[in-house]
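*Asks:* here you go, sequence then predicted model.
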Amino acid sequence: MESLARTLMVAGIIIFIIGGGVYLAAKYGIPLGRLPGDIRIEGENGSFYFPITSSILVSVILTIIFNIISRFLNK
C-alpha cells in the first residue's frame, strides 16, 4: 500500500509540473497548438484539430527531461 501512495504522490507532482508548464507557455505566448504542421480543418458543421507538431515537440522535450532525471537517479 505504501508503494501505491508513493506512486500517486509522484504522479500528482508530475501533473502539477506539466500544468505549470502549460500555464507558463500560455502566459508568455509560446504557440503550443498553433505551430506550423498542426492540422486544423474547419467546416460548416464542425471542426477537427490535431496538433501533431506540438505533440512531437512536447514528446522530444519530455524525453530529454526524463533522460536527464533518470541519469541523476541512477548514480
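*Replies:* Thanks, I have it. Residues are numbered from 1 along each chain as shown.

*Asks:* ramachandran angles for the residue nearest the centre of the chain?
*Replies:* By CA atoms, centre = their mean, the chain has its centre lying nearest to Val58, at 5.2 Å. When read as degrees, to the nearest 10, the backbone of Val58 gives phi -60, psi -40.

*Asks:* quick check: it touching Gly33?
*Replies:* No: Val58 is beyond contact range of Gly33, at 10.1 Å (criterion: CB atoms under 8 Å). For every residue, glycine as well, the C-beta is placed using N, CA and C.

*Asks:* now do the same end-to-end measure for stretch 36-52.
*Replies:* Criterion CA to CA, to the nearest Å; first-to-last residue distance in stretch 36-52 is 9 Å.

*Asks:* buried residues, it. List them.
*Replies:* For stretch 36-52, burial by neighbour count (16 or more other CB atoms under 10 Å) applies to 38, 51.

*Asks:* stretch 56-67 now?
*Replies:* Neighbour-count burial for stretch 56-67, counted by 16+ other CB under 10 Å, picks out Val58.

*Asks:* what comes into contact with it?
*Replies:* With contact meaning CB atoms under 8 Å, 6 or more residues apart in numbering, stretch 56-67 is reached by 32, 35.

*Asks:* if you set the cut-off to 7 Å instead, what comes out?
*Replies:* Leu35 (CB atoms under 7 Å, 6 or more residues apart in numbering).

*Asks:* with just CA atoms, put it into CSV.
*Replies:* These are the backbone C-alpha positions of stretch 56-67, laid out as CSV (Å, rounded to 0.1, in the frame of the first residue of the first chain):
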residue,chain,number,x,y,z
ILE,A,56,6.2,15.9,-31.3
LEU,A,57,7.8,18.9,-29.7
VAL,A,58,6.4,18.1,-26.3
SER,A,59,7.4,14.5,-26.7
VAL,A,60,11.0,15.4,-27.5
ILE,A,61,11.2,17.9,-24.6
LEU,A,62,9.8,15.4,-22.1
THR,A,63,12.1,12.6,-23.4
ILE,A,64,15.1,14.8,-22.8
ILE,A,65,13.9,15.8,-19.3
PHE,A,66,13.1,12.3,-18.3
ASN,A,67,16.5,11.0,-19.6
